[in-house]
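Sharing a sequence plus its predicted fold:
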Amino acid sequence: ETGVTQSPTHLIKTRGQQVTLRCSSQSGHNTVSWYQQALGQGPQFIFQYYREEENGRGNFPPRFSGLQFPNYSSELNVNALELDDSALYLCASSFYRGEVNTEAFFGQGTRLTVV
Amino acid sequence: AQSVTQLDSQVPVFEEAPVELRCNYSSSVSVYLFWYVQYPNQGLQLLLKYLSGSTLVKGINGFEAEFNKSQTSFHLRKPSVHISDTAEYFCAVSDPSGNTGKLIFGQGTTLQVKP
């Protein structure tokens, strides 16, 4: 089975630009969650997508948005980039259906630098 | 609101010595608990998980953790560490719904294994 893959691995953007990060979930998983990990910090939950809809959001502004596709892959979009958006963005997939959950498996992350 | 506190930001230890990384959490409901490891410039890898049942949980690479409900702790232990265990370790809890893709992480503990 394939694991969670993210692209690109590194990205440099200018303040005010927009960025799209991509994630392919692990085979058999139906849920994708996105996390932001600032340098020296623990990951922070941005949002989760389940059945192609947002299924919960952390404390992040609306300029952080996402999509989930029928094959369960996902995109994270960030508009109007700010310097503080510089971080490692992690994607995690899991299987979720009410009482049934698997643990989350993480990708290698995308390192975003905003200059 | 749920939270996770990792009590030590850095733990230096000599090779082949035992180690304990401490984690306390706060939650008004039963939660799932996890320990993840992060090697430099990589994503998160699951070490072990507590969902229910036995309070002593064994994971990969010789790690184990003990769930203590009365003390709301989930400390990670290894009887003999190796140089290759040098990494960042994160304790996490699931959100109150039990959705394992929605995790609240601690700030992390850097384990530094010295020869």
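It's in. This one's a predicted model, so the numbers in the text were calculated from it and none came from an experiment. Numbering: from 1, shown residues only, chains lettered A, B, ... in the order given.

Spatially central, which residue of chain B would that be?
For chain B, the residue nearest the mean C-alpha position is residue B:35 (3.4 Å; CA atoms, centre = their mean).

How many neighbouring residues does the closest residue to chain A within chain B have?
When scored by CB to the nearest CB, chain B has residue B:105 as its residue closest to chain A, at 3.6 Å. C-beta here means a position set from N, CA and C on the backbone, and glycine is covered the same way. Neighbouring residues of residue B:105 were enumerated by other CB atoms under 10 Å in any protein chain shown; the total is 21.

Residue B:21 now?
Neighbours of residue B:21 under the rule other CB under 10 Å: 24.

how many other residues sit next to the nearest residue to it once chain neighbours are set aside?
Distance criterion CB to CB, 6 or more residues apart in numbering or on different chains; nearest residue to residue B:21, sequence neighbours excluded, is residue B:76 at 4.4 Å. Taking other CB under 10 Å as the neighbour definition, residue B:76 ends up with a count of 24.

Check for me that residue B:76 belongs to a strand.
Yes: the assignment for residue B:76 (DSSP: H, G, I helix; E, B strand; the rest coil) places it in a strand.

quick one: it from residue B:11, how far?
From residue B:76 across to residue B:11, the span is 10 Å (CB to CB, to the nearest Å).

which neighbours do these two share?
Taking CB atoms under 8 Å, 6 or more residues apart in numbering or on different chains as the contact criterion, the residues that touch both residue B:76 and residue B:11 are residue B:21.

just to revisit the earlier point, mind listing what the residue nearest to the residue nearest to the centre of chain B when sequence neighbours are not counted touches?
Excluding its sequence neighbours, the residue lying closest to residue B:35 (CB to CB, 6+ apart) is residue B:47, at 4.4 Å. By CB under 8 Å, 6+ apart, the residues touching residue B:47 are B:34-37, B:59-61, B:63, B:76, B:89.

Could you pull out the helices in chain B for me?
Counting by DSSP state H, chain B has no helices to list.

Flag every residue of chain B that's near chain A.
With CB under 8 Å from any CB of the partner chain as the criterion, chain B comes near chain A at residues B:4, B:32, B:34, B:36, B:41-46, B:49, B:90, B:92, B:94-95, B:98-108.

Please enumerate the strands of chain B.
With DSSP state E, the ranges of strands along chain B come out as B:3-6, B:10-14, B:19-21, B:23-26, B:33-38, B:44-50, B:56-58, B:64-68, B:73-78, B:87-94, B:103-105, B:109-114.

which helices and strands does the last one pack with?
For strand B:109-114, the contact count by 3 or more CB pairs under 8 Å, 6 or more residues apart in numbering or on different chains; DSSP states H and E identifies strand B:10-14, strand B:19-21, strand B:87-94 as packing neighbours.

Make TSV out of those and add mean pLDDT.
Conversion of these to TSV gives the following (pLDDT from 0 to 100):
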stretch	mean pLDDT
strand B:10-14	97
strand B:19-21	98
strand B:87-94	96
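
pLDDT below threshold where in chain B?
Per-residue confidence for chain B (pLDDT under 70) gives no ranges below the cut-off.

Brilliant, that's me finished.
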